[in-house]
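Enquirer: Pasting the sequence and the predicted model now:
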Protein chains: 2
Amino acid sequence: MTETTALGVSPQDLPACPVETTLRLIGNKWEVLVLRDLMPGTKRFGELKQSIGGVSQKVLTAKLREMEADGLVERHVYAEVPPRVEYSLTPLGRSLKPVLDSLEQWGTAYKKKVAAAAR
Amino acid sequence: MTETTALGVSPQDLPACPVETTLRLIGNKWEVLVLRDLMPGTKRFGELKQSIGGVSQKVLTAKLREMEADGLVERHVYAEVPPRVEYSLTPLGRSLKPVLDSLEQWGTAYKKKVAAAAR
DNA sequence: TTGTTTGGTTTCTTTTTTGTAACTATACAC
DNA sequence: GTGTATAGTTACAAAAAAGAAACCAAACAA
């Protein structure tokens, strides 16, 4: 294995359509926002929770676990007290940057149009 | 107005983050799949329902109405019997092509990795 | 002993999304 | 009159996602 990811997925479990395949992994709002906030680098659980904004602890934990299982996110626990847990993207997670970029670019352009139409 | 879209949105109603802004419009799986299937061109309601696969009539109608209200989709009713209703993307909807492309490209690459890991 | 901190888990409730099935309009064919 | 076809709508039910709040562990500080 050349990459540190959990690719133990059966190919036949994936939808035929590549778009649906991608949605299977990041089809949820929170997952996209985790990606957005980890793209610049490592963050602790609390930082992530705050930067995402509006996520409950429960949901954030659940999404991070899913993304870890999917090989998008890495979790590092430091044996300190109080505990420190850092999250970062795996190479597979970082490979989603073009998707994030396209979402950001479209949103920026759209906001510009909306602002122009409001004048 | 230079474009045929419903941009009657208050700019302050949109999230500050452009990624979240985009998600506000296409943050749902069905919306992305409608986009995917209308990207090549006009489709009738029944065709769309079939090509998306697994959507109920109710949900598809609801999503198409939302996307129409958001200015992404156009609806043309032909006064025939039985009725014919055609859906197509507006320029704003078509402007999401780069997003769709990035989703497709990532999905394709991911499937390749998964297939390689399975060998 | 009690309080503090971080990163959770658990339980319960609410909201959102989706599904199912029945019902509709319209005109034409039989 | 009955059946057919398309593109819906409506009412009701179920499932999934999310939110709120309480609880927990561990070590250190006061």
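Expert: Noted; the coordinates are in hand.

Enquirer: Check which helix or strand residue A:87 maps to.
Expert: In this structure, residue A:87 is located in strand A:84-89 according to DSSP states H and E.

Enquirer: So which residues make contact with that strand?
Expert: The list of residues contacting strand A:84-89 from outside it, by CB atoms under 8 Å, 6 or more residues apart in numbering or on different chains, reads A:34-35, A:38-39, A:41-45, A:48, A:64, A:72-78. In this view, the C-beta of every residue, glycine as well, is placed from N, C-alpha and C.

Enquirer: Kindly recompute the last result at 10 Å.
Expert: A:34-35, A:37-48, A:60, A:64, A:67-68, A:72-78, A:93-97 (CB atoms under 10 Å, 6 or more residues apart in numbering or on different chains).

Enquirer: Is any residue of it near DNA strand C?
Expert: Yes - using CB under 7 Å from any atom of the strand, strand A:84-89 reaches DNA strand C at A:84-85.

Enquirer: Quick check: mean pLDDT of that strand?
Expert: The predicted model gives strand A:84-89 an average pLDDT of 97.

Enquirer: by contact count, what packs against the very next helix or strand once past that strand?
Expert: Remark: after strand A:84-89, the chain's next helix or strand is helix A:91-94, criterion DSSP H and E. Counting contacts by 3 or more CB pairs under 10 Å, 6 or more residues apart in numbering or on different chains; DSSP states H and E, the secondary-structure elements packed against helix A:91-94 are helix A:18-26, helix A:29-38, strand A:73-78, helix B:97-118.
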